[in-house]
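S.K.: Prediction below, plus the sequence it came from.
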Amino acid sequence: MQTLYVADFNVGAVVGQPLSDPFEALLGHCATWLLPEGDRLSGGGWLRRPGTRELPPRWPGSAERVVAWEVEGDGTEDAVRIEVSQPLEGQSAARFVTRITVSRGPQGAALRVAMGKEVLDGWLVAQAEVKKVVRPGLIGDVLRNPALELSVLGQKAHGRYERIRDEATTHVLLGALAERTRLPIAVVWPRSDDGWKAASRLAEQLVGLAQVVTINYFVASLVRRAVPQIAVPSGGAALIWPGMAGAPATCSRDELEEGRGEEIRARWMELLGEVSVTARGTDTAWARARRATQRAAALRAEAHLVRARQSGDKQQEIGALRSRIDQLKQELAQWVDEAGHLELERDKYKDEAANAGQLRQEVRYWREEYEKARTSVAAEPDLWEKIPPLQARDAAATYRAIEAAADQRVVFTEAAERTWKTSRYPHQQEMTDYLVRLARAAVDLYCGEPSQSMPQLDTWFREEHGLTVAMSDQFLKTHRDLRDFKYNGKTYNSTPHVKVRDATSPSEVGRIYFALDSDASRFVIDHVGLKKY
């Protein structure tokens, strides 16, 4: 089999959950995944004995599948290997194979899933095309079991993204990026609902191959300052290799949101699949279980021979010796098979070594081309950092820059320009900073991760963006002329306001009055300057 994907999980029981044996739980999940509903046997006990079975198509029009399973072990090291195969679409001379190993030993239980293609004699592997590789549903079933805990390289695997949103978690992320013994990390910067859905899909599908984290503008800026070579495209994503070795694989916002992440999922799964095969190509748990079986058989044969000799029964002794010879022949066949696989791997590595010089030249060439392209094309501008400060009597340039940086999640009315011009508010940089924070809050509110447990808005503004926002005002409630305004033919309520400065002289009590336009997913800012009354 030419392997295209390998995911290897350590599996343990969650403390406090009613589960005695993760190994048996994994076999139960395999049984449920393999058999159609209504034909499922209780648990996975039937997988403890070798066998084969034909399975019906998973959906109308798909090919029938064949499942075969083997069992090895001695009670201390055990493994069940399940192989599901079906013809490749439109290619009768090749098949797609999913090979699952469920194992247990002194180191605990484990689940290994490998997928690849297998061709019949006389066909070239390159002739067999696998159109798409997706994560098997079995992994999702196991992840959803609340009694099981999965990990890869000591890192928890749960199929969800981690949110990095403040300075403390950014430091944790930077530390993880520098680690060499970890999975690759996909850093996603969602800026729309489709972006968040793409992040969820990547986390679900790449589990076991990469970790997925989401960031916001604030975190992206901190990461870029700390590690200049890591620039996550705004609204896009970057795949960072362990120890930050090599250039990240990046995608734009359009690429990320295409099909809610399906295009980039397919691209990165192919890339990560190749890496996983190199890193985890050998099924060590299965090899240990086979050796355990051989050891147990040798001990039984030795005990049988001892009993035969002690009894003086020559026929029984001869039978014991013949049985042992048969076992040794089986072991020899297994080792010859293993040696054949190792020779194939050796030849592959020899070919790669022979081509290393040419590959280095190609890498050098493409790196030079990349550097030329990178230096000739201007880097994506960080619009937030290019916002000019408010001028004493002119806000237009600042307002337009904020609108552009926020993707029109905030807009300013003509009244907002007039009020700033006439207010003579003395702290211009401070007001600029508050406007930027309010605009970033609008982006987070309307483009951020959907939440079912969001606090009150004034609490959210304070905790997430450090803004003191009043959502009510008794004076404005009775003075509609100060409260209501029109923008593009629609009437808005400007009761919500940011308190920039308070408890000071009237000429320094700064305010930003705005309306929440849920229909257009934006804030409409109508007054910037001093308190209205």
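M.R.: That came in fine, so what should we check first? Residues are numbered from 1 along each chain as shown.

S.K.: residue contacts, residue 183?
M.R.: Neighbour list for residue 183: 152, 153, 155, 209, 210, 211, 242 [criterion: Cβ atoms under 8 Å, 6 or more residues apart in numbering]. Where C-beta positions appear, they are placed from N, C-alpha and C, glycine not excepted.

S.K.: how near is it to residue 272?
M.R.: As judged by Cβ to Cβ, to the nearest Å, residue 183 and residue 272 stand 9 Å apart.

S.K.: Then residue 245?
M.R.: Distance from residue 245 to residue 272, by Cβ to Cβ: 15 Å.

S.K.: Look at these two and report which has more neighbours.
M.R.: residue 272 (22 against 8; other Cβ atoms under 10 Å).

S.K.: give me every residue that touches the closest residue to that one other than its chain neighbours.
M.R.: Distances taken as Cβ to Cβ, 6 or more residues apart in numbering place residue 209 nearest to residue 272, at 4.1 Å, with adjacent residues excluded. Contacts for residue 209 (Cβ under 8 Å, 6+ apart) come out as 5, 7, 183, 184, 269, 272, 273, 275, 276.

S.K.: pLDDT score for the second one?
M.R.: Spelled out, it's residue 7. pLDDT, residue 7: 95.

S.K.: One more: the last one?
M.R.: Confidence per residue is given as pLDDT, and for residue 276 that number is 90.

S.K.: how does the chain divide into domains?
M.R.: Domain assignment of the chain by automatic domain parsing yields the ranges 1-151, 153-280, 284-375, 383-530.

S.K.: Any idea how far apart the tips of the last one sit?
M.R.: Going back to what we said before, that points to domain 383-530. Taking Cα to Cα, to the nearest Å, domain 383-530 runs 27 Å from one end to the other.

S.K.: picking up where we left off before, strands - which of the contacts of residue 209 land there?
M.R.: Judged by DSSP state E, these include 5, 7 as members of strands.

S.K.: Tell me the one among the contacts of residue 209 nearest to residue 529.
M.R.: residue 184 (49.3 Å; Cβ to Cβ).

S.K.: That closest one touches residue 240, doesn't it?
M.R.: Yes. The pair residue 184 and residue 240 qualifies as a contact (Cβ atoms under 8 Å) at a distance of 6.4 Å.

S.K.: Those two: which is more packed in?
M.R.: Higher neighbour count among residue 184 and residue 240: residue 240, with 28 against 20, using other Cβ under 10 Å.

S.K.: Tell me what the more buried one is bridged to.
M.R.: Note on residue 240: beta-bridge partners by DSSP bridges are residue 185.

S.K.: just to revisit the earlier point, which neighbours do residue 183 and residue 272 share?
M.R.: Shared contacts of residue 183 and residue 272, counting by Cβ under 8 Å, 6+ apart, come down to 209, 210.

S.K.: residues near the closest residue to residue 17 other than its chain neighbours, how many?
M.R.: In space, residue 17 comes closest to residue 147 once its chain neighbours are excluded; the distance is 3.8 Å by Cβ to Cβ, 6+ apart. The burial count assigned to residue 147 is 14, neighbours taken as other Cβ under 10 Å.

S.K.: residue contacts, residue 223?
M.R.: If a contact means Cβ under 8 Å, 6+ apart, then residue 223 has 170, 173, 174, 187, 215, 230, 232 as its contacts.

S.K.: for the stretch 151-300 of the chain, what spans make up the helices?
M.R.: 167-178, 193-205, 217-226, 253-257, 262-279, 284-311 (DSSP state H, counting those that start in this stretch).

S.K.: Find the helix or strand that residue 61 is a member of.
M.R.: For residue 61, there is no host helix or strand (DSSP states H and E).
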